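Enquirer: Model the structure of this input:
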Amino acid sequence: MLLRVPGARPTCVRLIGLLIGAPRRHSAPTGFCRTRRPHVVRAGTVADLKDRFDEINQLISERQGWVTSVRGAPELRFECLPGSPLPDELREAGYEVSETDEGERILPAGLVERFIVGHDGERKLVTEGSTRLAQVLTHAGIVKVMRHVFELTT
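Expert: Numbering: from 1, shown residues only. The predicted structure follows:
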């Protein structure tokens, strides 16, 4: 029970209530700050960054790239194979993409062997210009990747 004193400020009312042993009220409801004003989502906030992240993540994934940054971060980091047109495509879309360094990544089909089975039954690597039907065998392997970064807030 809270004691109401006419003309007293809210902090005084809370203090008087504590002195007489009134139960303490809980903090503001969810979605409101301490002044009981609703939170306002502005442009450029984490929610906007997460939406943009999802769109760009899909674009990078479709072009055989890998996003390595955390969803909602203002800076997006990604990896792609050397010679990939992905960084140039993002630059054309208006992002200031810069290359940071090189790295390595294990891919499920990182190594690809193309071979033919000879007359003696042994595998032989396919030579350029060969007309024989080649068999393809893929293995997991380590490949070199280029790391890039750009700001999502631009």
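
Enquirer: Can I get the helix or strand hosting Asp54 in PDB, CA atoms only?
Expert: Secondary structure assigned from DSSP states H and E places Asp54 in helix 46-62. Below are the C-alpha coordinates for helix 46-62, written out as PDB (Å, rounded to 0.1, in the frame of the first residue of the first chain):
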ATOM      1  CA  VAL A  46      20.100  -3.000 -34.800                       C
ATOM      2  CA  ALA A  47      16.700  -4.100 -36.300                       C
ATOM      3  CA  ASP A  48      17.400  -2.400 -39.600                       C
ATOM      4  CA  LEU A  49      21.000  -3.800 -39.600                       C
ATOM      5  CA  LYS A  50      19.700  -7.300 -39.100                       C
ATOM      6  CA  ASP A  51      17.200  -6.900 -42.000                       C
ATOM      7  CA  ARG A  52      20.000  -5.600 -44.300                       C
ATOM      8  CA  PHE A  53      22.300  -8.300 -43.100                       C
ATOM      9  CA  ASP A  54      19.800 -11.000 -44.100                       C
ATOM     10  CA  GLU A  55      19.500  -9.600 -47.600                       C
ATOM     11  CA  ILE A  56      23.200  -9.300 -48.100                       C
ATOM     12  CA  ASN A  57      23.900 -12.700 -46.500                       C
ATOM     13  CA  GLN A  58      21.600 -14.300 -49.100                       C
ATOM     14  CA  LEU A  59      23.200 -12.400 -51.900                       C
ATOM     15  CA  ILE A  60      26.700 -13.400 -50.800                       C
ATOM     16  CA  SER A  61      25.700 -17.100 -50.200                       C
ATOM     17  CA  GLU A  62      24.200 -17.300 -53.700                       C
END
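
Enquirer: pretty sure Val112 contacts Gln135?
Expert: No. Taking contacts as C-beta atoms under 8 Å, Val112 lies outside contact range of Gln135: 11.2 Å. C-beta: built from backbone N, CA, C; applies to glycine.

Enquirer: Flag every buried residue along the strand or helix carrying Pro108.
Expert: Assigned by DSSP H and E, Pro108 falls within strand 98-117. Neighbour-count burial for strand 98-117 flags Leu107 (criterion: 16 or more other C-beta atoms under 10 Å).
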